[in-house]
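A.B. asks: sharing a model prediction with you, sequence too.
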Amino acid sequence: MFQLDEKFLDEIGLHDLPNNQKRPFLQHIYEELELRVGTRLSDGLSDEQLEEFESIIDHKETVINDWLAKNVPQYNSDPLFMRLQAANKSDENDVNLRSEYAATKWLEINRSDYRNIVNQVLEELKKEIVDNKNIILGDSTTAA
């Protein structure tokens, strides 16, 4: 998995971005990545699938409970669930934890290529940033 952090900024050539702009820039990149990945993942899904996934990520507990019971009844013994629980330091009944887990499992079942899509979109976004690095850094001498 990737991290949107100082190392990411170094990788795309933005280590000279002013400190007060780094966090907002990384937040913008995260939001843009989320939007683009979501758009790409929704291609080929039915309205029912999209509604189900939206309900899961919106923490609709009834939908989450029903989906987990049907698709992963022993979810609390899944290593992925246990890693998420440990990372979030939360109770196994926490709706945020179960929502995150259910969303991940839902994608594995319904869009098994989601990791590839995330990586592909991230690489496209990185290329766009690198191509526009001078403009982002405010170097007006290279802007066309």
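C.D. replies: Ah, there it is. What you see is a predicted model; the values in this text were computed from it and never measured.

A.B. asks: check contacts around the spatially most central residue of the chain.
C.D. replies: In the chain, the centroid-proximal residue (Cα atoms, centre = their mean) is Glu34; its distance is 5.5 Å. Not one residue lies near Glu34 by Cβ atoms under 8 Å, 6 or more residues apart in numbering. Just so you know, the C-beta spots here come from the backbone N, C-alpha and C atoms, and that holds for glycine as well.

A.B. asks: longest helix of the chain, counting residues only.
C.D. replies: Secondary structure of the chain read by DSSP state H shows that its longest helix is helix 19-42.

A.B. asks: which parts of the protein are helices?
C.D. replies: Counting by DSSP H, the helices of the chain are 6-11, 19-42, 47-57, 61-71, 79-88, 95-110, 114-131, 133-136.

A.B. asks: single out the most deeply packed of those helices.
C.D. replies: Most buried of these, by mean neighbour count (mean count of other Cβ atoms under 10 Å): helix 95-110, with a mean of 18.

A.B. asks: give me the contact list for it.
C.D. replies: Under Cβ under 8 Å, 6+ apart, the answer for helix 95-110 is 41, 45, 49, 52-53, 56-57, 59, 61, 64, 67-68, 71-72, 75, 78, 80-81, 84-85, 88, 90-92, 114.

A.B. asks: could you dump the helices of the chain to TSV with mean pLDDT?
C.D. replies: Listed next are those as TSV, based on pLDDT from 0 to 100:
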stretch	mean pLDDT
helix 6-11	91
helix 19-42	93
helix 47-57	96
helix 61-71	97
helix 79-88	93
helix 95-110	95
helix 114-131	94
helix 133-136	88
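
A.B. asks: how near is Pro79 to Val95?
C.D. replies: 21 Å (Cβ to Cβ, to the nearest Å).

A.B. asks: try Lys127
C.D. replies: Taking Cβ to Cβ, one finds Lys127 at 37 Å from Val95.
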